[in-house]
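Chemist: I'd like to go over a predicted model; first the sequence, then the structure.
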Amino acid sequence: MAERAPDGWTPVEQSLWEAFRHGRIHDLRTGDAALDDPFGDAEWGPGRTVRAEVLSRLLLDGPAAVPGRVASLKLTGVLVAGPLRLAGGTIRHYVELHDCRFDQKVLLSEAEAGTLRLVNCLVPRIEASRLATSGDLHLARCRVPQGVRLTDARIGTDLLLNQAVLGGDRFGRALSADGMAVNQDFEADRLETHGEVSMRTARIGGRLSLRGAQLHAVPENRSALNLVRITVGHTLYLSGSADGGWYGSQTYYGSGYGEVPPAGAPSTPFRAHGKVRLSDARFEAACLLSDAEFHLGPGEELSLSRLHTPELRFTCRFPAGGGVSLSRARVGNLVDFPDSWPRDGRLGLTGFTYECLRPAAPFGIRQRIAWLESSSVDFQPEAYEQLAAALRRDGADDDAREVLYAKQRRRRQTLPLPARLWGRIQDVTVGYGFRPGRAALWLLLAWALGSSYFAAHPPEALKADERPHWDPVLYALGQLLPLVDLGQQGWNPAGSARWVSAGLVIVGWVLATTVAAGATRTLQRG
């Protein structure tokens, strides 16, 4: 290996050659914050410029390290001129760039590397499909106006995009990472995008964090976040980020975590302006949609269809601007606020199953029933059964009965007119068996009215030579309960008394059948 830089290299590039061999940081900053800002307007001349082909030569076929040192590429405050072509190559050296500018894109497709760190850098575009790293990939606080492509990439440990700002490509995608695999965590806290974040079928071994992220769809692509069929080994965070841990943060990894801010400190919510899709996603620990805002346009929705997770936390400050679909999702604990859910039929709960309800704020049974009934214009009996089952598992039997009662009343609206009338009678009399106290009141009232009438209008005996003891109270009770013999069967009511007697018999049968129906439902629930 040559110990001297190749002929034709500029003095800056020759110094970089030596810094590479010694594993030193090649720092070309001036010390003036305005001049050193990689996103500013200041010109960086030849004294701060390194050709991209020089970096390619160092990384793909660089010189041996000085004995006792580890060769590595460490740049700060450098302008990289030309496209950095590393596609298909093997990068065996450690790479770390801070506060650098690239005037053309970086090509890393199908490359192999250890750890790559670009922090607070300006890069027009990063092409890294099928990139394979054994260590981290850091793009914290970078600005990439034309987006990042990580399709089918394999990241050995962590992927960091904290505080990065990404623009969209020609398809309106800011981050194309379909099929990507990250062995540990993917952090993109305070990420700002103008284009779709697409991670379909991606696999994240640890957590996926988008706390405080600001995602903006663009006209040519109305999707802000696409996580269809993603698998996350721990937790998804679509939540707020406390401001106190970020302002002025210039940490090494760009994560911004400092001291824990006090309770009630200002925070930045997660915001998505455009469609959000988590359909068929699986989160092994939890899916947290907390302190999140979903700004959806007409016809757009937050799709959680067929999502699987032990815990879904849906505690947004206000409802999503469009619809929310939980169709056929499967959840262990459902943690929510009453005001987080949309109304007016914009909530889809078809086939949604959950084990336990753990509201994060008071969520009364009337509000919970309204939550169900606002979910769809169509009657969905399984939604009521699911809610009642969850309440019974928590020991709230009275609330479960309220839900099943609401189910019967909602079902009545879908029946033909005769069935609706019969249902109305059952509702008024005994509340479909869920209001047994009403039956007792109606029976007592009918008994009192019948007793009063027959006390004033005693009937004739059925047989003139057999006149049993007359008791209007027992006679009225016997009409209400015709299967019970109270010794008042020997009387023959006529005229209006016959109609009153028939009315008592009908009332008694109606009450008896509805009470029996309610008892049957109680036994089935038991």
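Modeler: Received, thanks. Residues are numbered from 1 along each chain as shown.

Chemist: show me where the stretch 251-400 of the chain dips below the pLDDT cut-off.
Modeler: Filtered on pLDDT under 70, the stretch 251-400 of the chain yields the residue ranges 251-264, 376-377.

Chemist: could you work out the end-to-end span of stretch 220-238 for me?
Modeler: The first and last residues of stretch 220-238 sit 24 Å apart, counting by Cα to Cα, to the nearest Å.

Chemist: now it: how far from the chain's centre is it?
Modeler: Taking the mean of its C-alpha atoms, stretch 220-238 sits 10 Å from the chain's own mean (Cα atoms, centre = their mean, to the nearest Å).

Chemist: what comes up buried for it?
Modeler: By 16 or more other Cβ atoms under 10 Å, the buried positions in stretch 220-238 come out as 221-238. Quick note: C-beta positions are derived from backbone N, CA and C, even for glycine.

Chemist: ok, which stretches of the stretch 401-526 of the chain are helices?
Modeler: Under the criterion DSSP state H, counting those that start in this stretch, the stretch 401-526 of the chain contains helices at 417-430, 436-456, 472-480, 496-525.

Chemist: in the shortest one, what's buried?
Modeler: If I follow you right, that is helix 472-480. Buried residues in helix 472-480 (16+ other Cβ under 10 Å): 472, 473, 475, 476, 477, 478, 479, 480.

Chemist: same thing with stretch 356-365?
Modeler: So for stretch 356-365, counting by 16+ other Cβ under 10 Å, buried means 357, 363, 365.

Chemist: neighbours around residue 138, how many?
Modeler: 26 (other Cβ atoms under 10 Å).

Chemist: let's number from 19 now, not from 1
Modeler: Noted, 19 is the first residue going forward, which turns the last one into residue 156.

Chemist: distance of the nearest residue to it once chain neighbours are set aside from residue 412?
Modeler: Nearest residue to residue 156, sequence neighbours excluded (Cβ to Cβ, 6 or more residues apart in numbering): residue 135, at 4.1 Å. Distance, residue 135 to residue 412, using Cβ to Cβ, to the nearest Å: 49 Å.

Chemist: doesn't residue 306 fall inside a strand?
Modeler: Yes: the assignment for residue 306 is a strand, going by DSSP: H, G, I helix; E, B strand; the rest coil.

Chemist: number of residues surrounding it?
Modeler: Neighbours around residue 306, by other Cβ under 10 Å: 24.

Chemist: nearest residue to it other than its sequence neighbours?
Modeler: Residue 306's closest residue in space is residue 331 (Cβ to Cβ, 6+ apart), at 4.5 Å.

Chemist: please apply the same query to residue 412.
Modeler: Nearest non-adjacent residue to residue 412, counting by Cβ to Cβ, 6+ apart: residue 374, 6.4 Å away.

Chemist: for that neighbour, phi and psi?
Modeler: Note on residue 374: backbone dihedrals following degrees, to the nearest 10 are phi -140, psi 150.

Chemist: do residue 284 as well
Modeler: Dihedral angles (degrees, to the nearest 10) for residue 284: phi -60, psi 150.

Chemist: how close does it get to residue 319?
Modeler: 30 Å.

Chemist: between those two, who's got more neighbours?
Modeler: residue 319 (21 against 10).

Chemist: show the average pLDDT along the helix or strand the residue nearest to residue 156 falls within.
Modeler: Under the criterion DSSP states H and E, the helix or strand holding residue 135 is strand 134-137. Over the span of strand 134-137, the pLDDT mean works out to 96.

Chemist: for the spatially most central residue of the chain, give me its contacts.
Modeler: What sits nearest the mean C-alpha location of the chain, by Cα atoms, centre = their mean, is residue 307, with 5.0 Å. If a contact means Cβ atoms under 8 Å, 6 or more residues apart in numbering, then residue 307 has 256, 257, 330, 331, 332, 333, 334 as its contacts.

Chemist: any idea which of these has the most stuff around it?
Modeler: residue 256 (29 neighbours).

Chemist: part of a strand, is residue 25?
Modeler: No: counting by three-state DSSP, residue 25 is not part of a strand but coil.

Chemist: give the contact list for it.
Modeler: Under the criterion of Cβ under 8 Å, 6+ apart, residue 25 has no contact partners.

Chemist: for residue 42, same thing?
Modeler: Per Cβ under 8 Å, 6+ apart, neighbours of residue 42: 36, 92.

Chemist: kindly report the same for the one 5 residues further on.
Modeler: Contact partners of residue 47, counting by Cβ under 8 Å, 6+ apart, are 54, 94, 95, 117.

Chemist: going by distance to residue 69, which of those residues wins?
Modeler: Comparing the contacts of residue 47 against residue 69 with Cβ to Cβ places residue 95 closest, at 16.2 Å.

Chemist: rewinding a little: show me how far the strand holding residue 135 is from its chain's centre.
Modeler: Distance, stretch centre to chain centre, for strand 134-137: 31 Å (Cα atoms, centre = their mean).

Chemist: just stretch 369-385 next, same as before
Modeler: Distance, stretch centre to chain centre, for stretch 369-385: 15 Å (Cα atoms, centre = their mean).

Chemist: so what touches that stretch?
Modeler: 330-331, 333, 344-356, 386, 400-401, 404, 408-409, 411-412, 414, 417, 420-421.

Chemist: and what of stretch 467-481?
Modeler: Against stretch 467-481 from outside (Cβ under 8 Å, 6+ apart): 485-486, 488, 490-491, 493-495, 497-498, 507-512, 514-515, 518, 522.
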